[in-house]
Structures are given as C-alpha cells and as structure tokens.
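1. have a look at this fold, sequence not included:
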Ligand SMILES: Cc1ncc(COP(=O)(O)O)c(C=O)c1O
C-alpha cells in the first residue's frame, strides 16, 4: 500500500510537472507556442495535449516500473504501457492517476465490476476464517457452491438434468476435467477403449493446457507445442451437414461454445446446437458446453444456452471467469449420465474448491442469477447495439457486422483494430479484440447506461481520429 501510494503521489506530481514548468502556458496551448523544439517533438506534444490519457512515455514512472520488472517476467504477453493499480466498478486507475473506463472487465471476468463491496467484504472475512484445508476434508463452502450452482441452473430452465459439480481453479482446468470425464464415460460405455475421439470446432478457444489446447484447433496456439493429445478432431462451427461425419461411434465427447468469445464473438445457431445434441445422443457422445466466457448471465440468461429447447441441453457445462469476479475459480457441472461413472480417485486438485474461492463464487452465483440483473443486461445490450448502428452509418467502410448477445458483443471491422484500441485507450477507454479484426465488448454486467454512452463517445472519437 505504501508503495502504491508513493507511486501515485509521485506520478501525479510528474503528470502535472511539465506544464507547471512553463509559467503562464496551459497544457493545451504549450505545443502551439512558438518554439525552438524540433517539429517531431512539437507534434508529439501537440498530440499528447489533445488526449486525456496519452500512453505513458519512455521516461514515465510506468515505464520505469516496467523496465525494472519485465526482464524477470516470461514474455508471454505484449502489453500496452499503462500499469494498473486500482479498480472500482467499471473504472481502472494507473500509477500515473489516469482513469480508464473498462469495457474488457479483465476479459469477461469482473462481472460485478472491480472491487464490488460485498465481494470484497466476503474476501476479507473468509480470509480471516479459513482459506484452505484441502479436498481430503469437507468444508462448508464447496458443497454450498455446488448446491447453489445446480439449484440456480435448474431454476433458470437451463441444463435440465444438472446434478453435481466439480470445482477447480480456472477455465482450462474446467475443460481439462470435462475432457477427462468424457473419456471416462467413453471407457465405461465401450470397454473396448475405441470410444475416445473428441470433437471441437474451428475458431474455438478452450484453453492452454495440453488437453484444452488440443481442442483449440488454432495453429497459432497449437503449433509451437505439437504434438497435441491424440484423438482430437476439428469440425465446422454452425455447419449442420458436417455433423454426422464429424461425430461418430468413436466420439466420446464434443465441446462447443454457444457463443465463441476469442473466436470473434460468433454465435452458434439454435438449429446447429439442436442437431449436434441429437447426434451426440445417437452415438452416445457426451455434449459439453464451454460457457466460460459467455455464461453466468452475460447473455441475459443464467447460462447462454438458456433459450434452447431441452433436447439441446448439455451433459457437461464448464464455467470460470465471472464465477470468481477475478478470484481464480472454475467449475464443471455434470448430469447423472456422467457423475455416476466418475469414481473416487479419477480426478482431483489441491486448490480447487477451497473455502475462500467457493464462498466468493457462491456470492457471485447469488448475485449473477438475479432476474433484474439479467433484464438490465439485455437493456444495456440494446444501448450498445444502437450506438454500433450509428458507427456503421458514420463509418460504413470500416464497421461491418454486429454480433453477439447481451453483454458479449462483437463489432466486425474491415481492418486491424489495433490503432483504434490504442486511440480509445488514449481517450480513456479499454477495449479488446477477438477473432479476425473484431472489436470485442465484454464490460462488467453492472456497467451503467451513462458509462456505456461515455465509452462509446470515446470509441467514436477514437475511430474518427484513426480516419484523419
Ligand atoms: C471459452 C473459453 N474457454 C476456456 C478458456 C480458458 O480459461 P482460462 O484462461 O481461465 O484457463 C477461455 C479463456 O479465455 C475461454 O474464453
């Protein structure tokens, strides 16, 4: 805390210091004053002066911190310059006291916003009570979370025969467990051992562990780590015709996202999911819905498959992300067809299901299953869509299809969105991309109408600036 505060004081002072060094010259007018500075420097100053949040420069406190730390971090991410130190609701602050409206919610994680008061209170309380005792013993919260997940799922008309839960720590781990459970079911259903194939779809993203990665048929992610786990096949998303050839008697499991997040916010058609479920039942394959990004009321129903007829409900559902609002936790919901085939010792985890994570997830499920919150999600979705249509009209060469549901929305662009993402950030808005040239919007579900308007003003301004 002392560290954080001292950085903030230092950075605020620094942010104000250069304008203060030129008496009588405001920040905005500084660059246009007659100057002996080189033209390039003047242009940079002018550009920065016109932006509320110009990205931190090479001599900033942010850069100093990154330069100190980055050499010790395995470089698995290319990050922009700001360093975030604080969050509240839909807002983030960096160490130089810049304020950002966050339409990313930590990649669809902080569904109740940053540092929700109830969440924070529970976190502190449980941290003082019991954090971990291992899965060798019972605790009050793993079971309470499991029970609530099943109750809320059935109450909401989703996964009609959901019956038991396995709790883990992340999305990849949830999918890894789902893959193992499907393989185990395959072994029980067909003791010959031949029923072990696994089907997933183009543009899917299921995670980075070797099992979940093997179901993520994207050369960018798979190639450096080949060979993949044997028996994983790719089929075509939303292609009903191709289902019979892809899903066969040898298939033990099929995993699909009802809405593909990383793949560019692509929505599975109800007809496709109905046909897929029918085929799974014909050949005795386990149907898995990966709702790690799209579930937990992000689409306006508790699970994203909530609008589907019962025959298209899954045998397994995986969840994570919003389940912990930023605290790592994942879960796998299964029906009896699956649960009765999983025996003691088949799967396990040291941390998964610890009382701290489970109490937090219990709170999240209670809050995210509120009907009013779900209604609000749909109303807010319409606000986004109206503004997207305005963008389509204003920038017809750039803005194409609007995709998604609720507050998982994609705006298809005709070019690489990276310059727009930077221009938005420098105006105080955080957005992310997905798929090919898609801007992805996954804000907190508690984002307000005013924040949506303000964010989309910044986005419009950012797009206009990149056209200039
Ligand atoms: C649909 C989906 N499945 C699985 C994962 C992997 O989750 P995690 O990063 O928690 O392992 C993600 C993460 O983005 C996801 O969006």
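-> Structure received. This one's a predicted model, so the numbers in the text were calculated from it and none came from an experiment.
2. what does the stretch 251-400 of the chain have sitting close to the ligand?
-> Residues of the stretch 251-400 of the chain lying near the ligand by Cβ under 6 Å from any ligand atom: 257, 261, 262, 290, 292, 293, 320. Bear in mind the C-beta positions are built from the backbone N, C-alpha and C, glycine included.
3. filter the residues you listed down to the ones in strands?
-> Among those, the members found in strands (DSSP state E) are residue 290.
4. and the residues of the stretch 251-400 of the chain next to the ligand as a markdown table, adding pLDDT?
-> Formatted as a markdown table, these follow (pLDDT from 0 to 100):
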| residue | pLDDT |
| --- | --- |
| 257 | 99 |
| 261 | 98 |
| 262 | 98 |
| 290 | 99 |
| 292 | 98 |
| 293 | 98 |
| 320 | 99 |
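5. give the contact list for residue 383.
-> Contacts for residue 383 (Cβ atoms under 8 Å, 6 or more residues apart in numbering) come out as 449, 452, 453.
6. buried subset of those, written for PyMOL?
-> In PyMOL, this line selects whichever of the contacts of residue 383 come out buried by 16 or more other Cβ atoms under 10 Å:
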select buried, resi 452
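7. the residue in the stretch 151-300 of the chain positioned nearest to the ligand: what's it in contact with?
-> As assessed by Cβ to the nearest ligand atom, the ligand sits closest to residue 171 within the stretch 151-300 of the chain, at 2.2 Å. Residue 171 makes contact with 206, 207, 212, 290, 292, 293, 318, 320, 321, 330 under the criterion Cβ under 8 Å, 6+ apart.
8. quick one, what contacts the first one?
-> Residue 206 sits next to 171, 172, 175, 200, 212, 213, 215, 216, 255, 257, 290 when contact means Cβ under 8 Å, 6+ apart.
9. so which of those is the most crowded?
-> residue 290 (32 neighbours; other Cβ atoms under 10 Å).
10. that residue contacts residue 254, correct?
-> No. Residue 290 is beyond contact range of residue 254, at 10.7 Å (criterion: Cβ atoms under 8 Å).
11. residues of the stretch 1-150 of the chain that sit close to the ligand?
-> residue 107.
12. still on that earlier bit, among the contacts of residue 383, name the ones in helices.
-> Judged by DSSP state H, the subset of these located in helices is 449, 452, 453.
13. and of these, the nearest to the ligand?
-> Of the ones in helices among the contacts of residue 383, the one sitting nearest to the ligand (Cβ to the nearest ligand atom) turns out to be residue 452, at 22.5 Å.
14. contact partners for that closest one?
-> By Cβ under 8 Å, 6+ apart, the neighbours of residue 452 are 380, 383, 384, 387, 443.
15. which one of these is nearest to the ligand?
-> Of the contacts of residue 452, the one sitting nearest to the ligand (Cβ to the nearest ligand atom) turns out to be residue 443, at 15.7 Å.
16. for the one helix or strand residue 126 maps to, packing partners?
-> Using DSSP states H and E, residue 126 sits in helix 117-129. Contacts defined by 3 or more Cβ pairs under 8 Å, 6 or more residues apart in numbering; DSSP states H and E place helix 117-129 against helix 355-368.
17. what lies in contact with the helix it packs on?
-> 111-112, 116, 118-119, 122-123, 126-127, 129-133, 139-142, 144-145, 148-149, 152, 167, 169, 296-297, 302, 322-325, 327-329, 331, 351, 373, 445.
18. pLDDT of the helix or strand following it, averaged?
-> Downstream of helix 355-368, the next assigned helix or strand under DSSP H and E is helix 371-394. What helix 371-394 shows for mean pLDDT is 98.
19. and the angle from whichever helix or strand comes after helix 371-394 to helix 371-394?
-> For helix 371-394, the succeeding helix or strand toward the C-terminus, using DSSP H and E, is strand 399-405. Strand 399-405 and helix 371-394 are oriented at 170 degrees to each other (axes from the mean of the first three to the mean of the last three Cα atoms, to 10 degrees).
20. what strands flank strand 399-405, and is each parallel or antiparallel?
-> According to DSSP bridges, strand 399-405 forms sheet pairs with strand 408-413 (antiparallel).
21. report the closest residue of the stretch 301-450 of the chain relative to the ligand.
-> For the stretch 301-450 of the chain, Cβ to the nearest ligand atom, closest residue to the ligand: residue 320, 4.7 Å.
22. quick one on the thing from earlier: can you redo the ones in helices among the contacts of residue 383 as TSV, where the extra columns are pLDDT and distance to residue 437?
-> Below are the ones in helices among the contacts of residue 383 laid out as TSV (pLDDT from 0 to 100; distance: Cβ to Cβ, whole Å):
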residue	pLDDT	distance to residue 437
449	98	28
452	98	23
453	98	25
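23. can you put these in JSON lines and add distance to the ligand?
-> As requested, the ones in helices among the contacts of residue 383 are exported to JSON lines (distance: Cβ to the nearest ligand atom, whole Å):
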{"residue": "449", "distance to the ligand": "27"}
{"residue": "452", "distance to the ligand": "23"}
{"residue": "453", "distance to the ligand": "27"}
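24. tell me the helices in the stretch 51-200 of the chain, going along the chain?
-> In the stretch 51-200 of the chain, helices defined by DSSP state H, counting those that start in this stretch lie at 61-69, 105-108, 117-129, 140-155, 171-189, listed in chain order.
25. ok, back up a step: of the ones in helices among the contacts of residue 383, which is the nearest to residue 273?
-> residue 452 (29.4 Å; Cβ to Cβ).
26. distance of the closest one relative to residue 420?
-> Using Cβ to Cβ, to the nearest Å, we find residue 452 at a distance of 18 Å from residue 420.
27. and for residue 46?
-> For residue 46, the distance to residue 420 equals 21 Å [Cβ to Cβ].
28. that older thread, and the angle from the helix holding residue 126 to helix 140-155?
-> Put simply, helix 117-129 runs at 150 degrees to helix 140-155, going by the same axes, to 10 degrees.
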